[in-house]
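Student: Got a predicted structure here, sequence first:
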Amino acid sequence: MNKYEEQKFAIPALKGISEKTITEHLKLYAGYVKNANLILEKIGEYMADSEKNAYVLGELQRRFSFEFDGMRNHEYYFHSLEGGAKGLPAGSKLKAQIEKQAPSFEMWLQGFKSIALTRGIGWAMMLWDPNSKQLTHAWMDEQHLGQLTDTRPVLMLDMWEHSYLFDYIPSEKKKYIEAFFENLNWEVIEKNFTLANQ
C-alpha cells in the first residue's frame with residue numbers, strides 16, 4: 001500500500017495568526033501523516049489473521065479515520081492560506097452559486113462564521129453536494145464525526161483550540177475566525193469548488 005506523504009505549504013506571514021501558531025500547527029499535521037501510515041502498516045500485519053485479530057483491527061480502523069481526516073482536513077486548511085490573501089476571482093462561479101442559495105454573499109459568510117462558533121472542538125466546513133447540486137455548511141465534531149456522505153470539501157476551517165491558542169484565549173475565538181478570513185486565499189477555495197464539480 002502506498003504511504004501518505006507530508007505536504008509542504010508556502011504560507012506567508014499572516015495577520016492575526018502568528019508564525020508560532022502555524023509552526024506548531026504544521027507539526028501536528030505531520031503527526032497525523034505519520035500516524036496514518038503507522039496504522040496502515042499495523043492493519044496490514046494484523047490482516048494476516050483477521051479472524052483472530054478482529055477486535056484489534058476494528059479499533060485500528062476506527063483510529064485510522066481520526067488520523068486520516070486529521071491529515072486531509074489540515075491539507076485543505078493550510079492550502080487555503082498559501083499565496084497570501086486574495087479575493088474571489090472575477091466571474092467567480094462559487095460566488096454565483098452562493099448568491100443563488102443565499103440572499104447575499106455577506107449573509108452567507110456570516111452564516112458560515114456562526115457555524116465556526118459552535119461550542120466544542122471540530123471543523124466548520126463548506127461542502128458541495130454533487131447530487132443536489134448545492135453548497136451546504138456543516139460542523140464536524142473532532143475531525144471525523146459528522147461527515148456528510150458523498151459531499152466534497154470546498155472550505156475547511158479548523159476550530160480546534162490548537163489552531164489559535166498561542167494568539168487568542170478560547171473566549172476570543174471569534175477574533176481567530178476573523179483573522180482566518182482576512183488571510184484566506186479565495187482563489188484556492190474557487191479551485192476547490194471547481195474540482196468538487198468535476
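Tutor: Looks like it arrived, so ask away. All of these numbers come straight from a predicted model, not from anything done at the bench.
Student: how about the helix ranked longest in the chain: buried residues?
Tutor: In the chain, taking DSSP state H as the definition, the longest helix is helix 19-46. Buried residues in helix 19-46, counting neighbours by 16 or more other Cβ atoms under 10 Å, are found at 21-22, 25-26, 29, 32-33, 35-37, 39-40, 42-43. Quick note: C-beta positions are derived from backbone N, CA and C, even for glycine.
Student: How about stretch 111-122?
Tutor: Phe112, Lys113, Ile115, Ala116, Gly122.
Student: Please verify my assumption that the second one contacts Tyr176.
Tutor: This means Lys113. No: using Cβ atoms under 8 Å as the test, Lys113 is too far from Tyr176 to be in contact (10.9 Å).
Student: Tell me how many other residues crowd Gln143.
Tutor: 24 (other Cβ atoms under 10 Å).
Student: which non-adjacent residue is nearest it?
Tutor: Excluding the flanking residues, the one nearest Gln143 by Cβ to Cβ, 6 or more residues apart in numbering is Asp69, at 4.6 Å.
Student: cool, and Ser18?
Tutor: Asp167 (5.3 Å).
Student: domain ranges for this structure?
Tutor: What the record gives for the chain is the domain set 19-79, 93-196, from automatic domain parsing.
Student: Output the ones you listed in CSV; the columns should cover mean pLDDT and distance to Phe9.
Tutor: Converted to CSV, these look like this (pLDDT from 0 to 100; distance: least, Cβ to Cβ, whole Å):
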stretch, mean pLDDT, distance to Phe9
domain 19-79, 95, 4
domain 93-196, 96, 11
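Student: Adding distance to Lys86, write those domains out as CSV.
Tutor: Shown next, in CSV, are the domains of the chain (distance: least, Cβ to Cβ, whole Å):
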stretch, distance to Lys86
domain 19-79, 13
domain 93-196, 5
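Student: Of all the ones you listed, which one is nearest Gln7?
Tutor: domain 19-79 (5.7 Å; Cβ to Cβ).
Student: how long is the closest one end to end?
Tutor: Terminal residues of domain 19-79 are spaced 16 Å apart (Cα to Cα, to the nearest Å).
Student: I'd guessed Thr151 sits against Asp129; true?
Tutor: Yes: counting by Cβ under 8 Å, Thr151 does reach Asp129; the two are 5.1 Å apart.
Student: between those two, who's got more neighbours?
Tutor: Taking neighbours as other Cβ under 10 Å, Thr151 and Asp129 compare with Thr151 leading, 19 against 15.
Student: Could you list which residues are in contact with the closest residue to that one other than its chain neighbours?
Tutor: Nearest non-adjacent residue to Thr151, counting by Cβ to Cβ, 6+ apart: Leu127, 3.8 Å away. By Cβ atoms under 8 Å, 6 or more residues apart in numbering, the contact list for Leu127 reads Leu135, Thr136, His137, Ala138, Leu148, Thr151, Arg152, Pro153, Val154.
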